[in-house]
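S.K.: compute the structure for the input listed below.
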Amino acid sequence: MSMKLLSVLKHPVTQFNLIVLGVLGLIQIIHTHAHYKMEMDVHAYCKQNAEWVESQSTEY
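M.R.: Here you go, the predicted model:
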């Protein structure tokens, strides 16, 4: 059984799928971390709502 599993894991299609999943997982982790830190506008939300941001930042 372990030889069959090893042959499946060594197959190029399986390796390609695992690489794609790994890259997508890494992108998701970086994206979620950017939302958590909010040091950058991930989805350009503030850029799309510039008037609202300006109205919130003015002091009375």
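S.K.: which stretches of this structure have low pLDDT?
M.R.: 39-50, 52-53, 55-60 (pLDDT under 70).
S.K.: longest helix in it, by residue count?
M.R.: Once the chain is assigned using DSSP state H, the helix that runs over the most residues is helix 12-37.
S.K.: give the buried residues for that helix.
M.R.: Residues of helix 12-37 include none that count as buried (16 or more other Cβ atoms under 10 Å). All C-beta spots, glycine's among them, are computed from the backbone N, C-alpha and C.
S.K.: from the contact counts, what lies against that helix?
M.R.: Using 3 or more Cβ pairs under 8 Å, 6 or more residues apart in numbering; DSSP states H and E as the contact test, no helix or strand touches helix 12-37.
S.K.: helix or strand for Leu5, which one?
M.R.: helix 2-9 (DSSP states H and E).
S.K.: angle of that helix against helix 12-37?
M.R.: In terms of direction (axes from the mean of the first three to the mean of the last three Cα atoms, to 10 degrees), helix 2-9 departs from helix 12-37 by 70 degrees.
S.K.: what's in contact with helix 2-9?
M.R.: Thr14, Gln15 (Cβ atoms under 8 Å, 6 or more residues apart in numbering).
S.K.: what comes up buried for it?
M.R.: For helix 2-9, it's none, nothing buried (16+ other Cβ under 10 Å).
S.K.: put the alpha carbons of it into CSV.
M.R.: C-alpha atoms of helix 2-9 as CSV (Å, rounded to 0.1, in the frame of the first residue of the first chain):
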residue,chain,number,x,y,z
SER,A,2,2.8,2.5,0.8
MET,A,3,4.3,1.9,-2.7
LYS,A,4,1.0,2.7,-4.3
LEU,A,5,0.7,5.9,-2.2
LEU,A,6,4.3,6.8,-3.0
SER,A,7,3.7,6.4,-6.7
VAL,A,8,0.6,8.5,-6.6
LEU,A,9,2.4,11.3,-4.7
